[in-house]
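J.: Everything below, folded, please.
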Amino acid sequence: MNLNKIPEALEIFKLLNPNMEKVISTRFVGGCVRDIILKQDINDIDLATTFLPNEVVKILKNKNIEFIDVAAHFGVITAIVNSMKFEITTLRKDLLPDGRYAKIIFTDNWEVDARRRDFTMNAIYYSVNGVKKNENTFFDPFNGKEDLINGKINFISDPEISIKEDYVRALRYFRFFFLYSKYDHDPQVLNFIFNNKEHVKKLSNNRLEKELRKIMSIKNIKNILKQNKSTENFFNYIYPGFDKLIPNTN
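T.: Numbers count the residues shown, from 1 in each chain. Model (predicted):
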């Protein structure tokens with residue numbers, strides 16, 4: 001499915017690009033962009049924007065669009081159209097990360113926002129065709145599209161530093177690896193994750209459950225984990241009884 005065929009997504013995109021002939025204010029980002037590149041069904045639809053959270057709220061209110069703003073202090077507003085949710089995040093730079101959260105400052109610089117992300121394939125931004133004649137469809141400062149197609153899970157910054165900034169990235173690394181990788185694990189990345197499993201386990205229950213649901217939805221995850229005993233042990237440490245939660249086939 002193409003985003004052009006999802007009217008709710010186009011509605012939000014156009015609302016947040018009021019001067020699209022002059023400047024792109026908002027782009028799609030994250031999983032939906034990867035789905036587009038790999039020609040898969042589109043699931044979660046996230047957008048990144050130069051608009052500040054209060055400006056996003058104002059735009060949505062003017063069109064009577066329902067929204068959730070509980071995470072506005074992180075720059076995140078969730079719009080709801082016909083029961084579809086769209087997470088809209090203001091471009092930002094992360095300062096002083098502590099292993100989960102960071103002090104943030106908002107920016108209008110797309111490359112600055114891309115640099116604070118985890119993997120190259122998660123820093124690809126997409127604009128719907130025809131928005132601006134001389135605008136590239138993809139904004140991809142770290143060649144994430146090439147990495148995605150080739151099945152390479154590359155961190156944007158040094159893996160050890162990146163994971164220390166936010167230990168959720170350890171779980172995200174495995175999820176991305178199980179979904180997209182065509183190569184073996186980098187042993188150094190695995191060793192660093194395993195050596196810091198206590199930090200991962202201390203993440204909030206809400207975040208751990210969110211990542212667990214995504215990992216459990218991966219096709220054939222039980223067989224994938226059994227291919228590497230150390231990885232299987234890691235998940236059973238983070239999620240006691242993890243192996244019993246997963247059906248034999250999925």
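J.: can you give me the strands for the chain?
T.: 26-29, 45-49, 66-68, 76-81, 84-90, 92-95, 103-106, 125-126, 138-139 (DSSP state E).
J.: a markdown table for these, including mean neighbour count, distance to Arg207 and mean pLDDT?
T.: Where C-beta positions appear, they are placed from N, C-alpha and C, glycine not excepted. Output for the strands of the chain, formatted as a markdown table (neighbours: other C-beta atoms under 10 Å; distance: least, C-beta to C-beta, whole Å; pLDDT from 0 to 100):
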| stretch | mean neighbour count | distance to Arg207 | mean pLDDT |
| --- | --- | --- | --- |
| strand 26-29 | 26 | 20 | 96 |
| strand 45-49 | 24 | 17 | 97 |
| strand 66-68 | 14 | 18 | 97 |
| strand 76-81 | 20 | 14 | 97 |
| strand 84-90 | 20 | 15 | 97 |
| strand 92-95 | 15 | 16 | 90 |
| strand 103-106 | 13 | 17 | 90 |
| strand 125-126 | 24 | 24 | 96 |
| strand 138-139 | 17 | 28 | 94 |
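J.: mind giving me CSV with these and columns for distance to Phe235?
T.: As requested, the strands of the chain are exported to CSV (distance: least, C-beta to C-beta, whole Å):
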stretch, distance to Phe235
strand 26-29, 28
strand 45-49, 26
strand 66-68, 31
strand 76-81, 28
strand 84-90, 26
strand 92-95, 27
strand 103-106, 30
strand 125-126, 31
strand 138-139, 33
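J.: of those strands, which approaches Lys219 most closely?
T.: strand 45-49 (21.2 Å; C-beta to C-beta).
J.: Can you give the strand pairings for that closest one, parallel or anti for each?
T.: When pairing is defined by DSSP bridges, strand 45-49 lines up against strand 26-29 (antiparallel), strand 84-90 (parallel).
J.: what residues does the longest one touch?
T.: Contacting residues not belonging to strand 84-90 are listed as 6, 8-9, 12, 16, 26, 29, 44-53, 56, 74-80, 106 [C-beta atoms under 8 Å, 6 or more residues apart in numbering].
J.: same deal with stretch 34-44?
T.: With contact meaning C-beta under 8 Å, 6+ apart, stretch 34-44 is reached by 1-3, 6, 30-32, 87, 121-122, 124, 126, 145, 148-149, 180.
J.: isn't Gly9 right next to Ile45, touching?
T.: One thing to correct before we go on: residue 9 is Ala, not Gly. Yes - contact criterion C-beta atoms under 8 Å: Ala9 and Ile45 qualify, at 5.3 Å.
J.: tell me, what's touching the two both at once?
T.: With contacts defined as C-beta under 8 Å, 6+ apart, the residues shared by Ala9 and Ile45 are Leu3, Phe28, Cys32, Met84, Phe86.
J.: what sits against the closest residue to the second one other than its chain neighbours?
T.: Right, the one you point to is Phe28. Residue nearest to Phe28 in three dimensions, not counting chain neighbours: Tyr126, with 4.4 Å by C-beta to C-beta, 6 or more residues apart in numbering. Residues near Tyr126 by C-beta under 8 Å, 6+ apart: Leu3, Arg27, Phe28, Val29, Cys32, Val33, Ile36, Thr137, Phe138, Phe139.
J.: pLDDT value on the first one, please?
T.: Pointing back at Leu3 there. Here the pLDDT value assigned to Leu3 is 82.
J.: who touches it in this structure?
T.: Residues near Leu3 by C-beta under 8 Å, 6+ apart: Ala9, Leu10, Phe13, Phe28, Cys32, Ile36, Ile42, Ile45, Tyr126, Val128.
J.: go on, the third one?
T.: Neighbouring residues of Phe28 by C-beta under 8 Å, 6+ apart: Leu3, Ala9, Phe13, Ile45, Asp46, Leu47, Ala48, Tyr125, Tyr126, Ser127, Val128.
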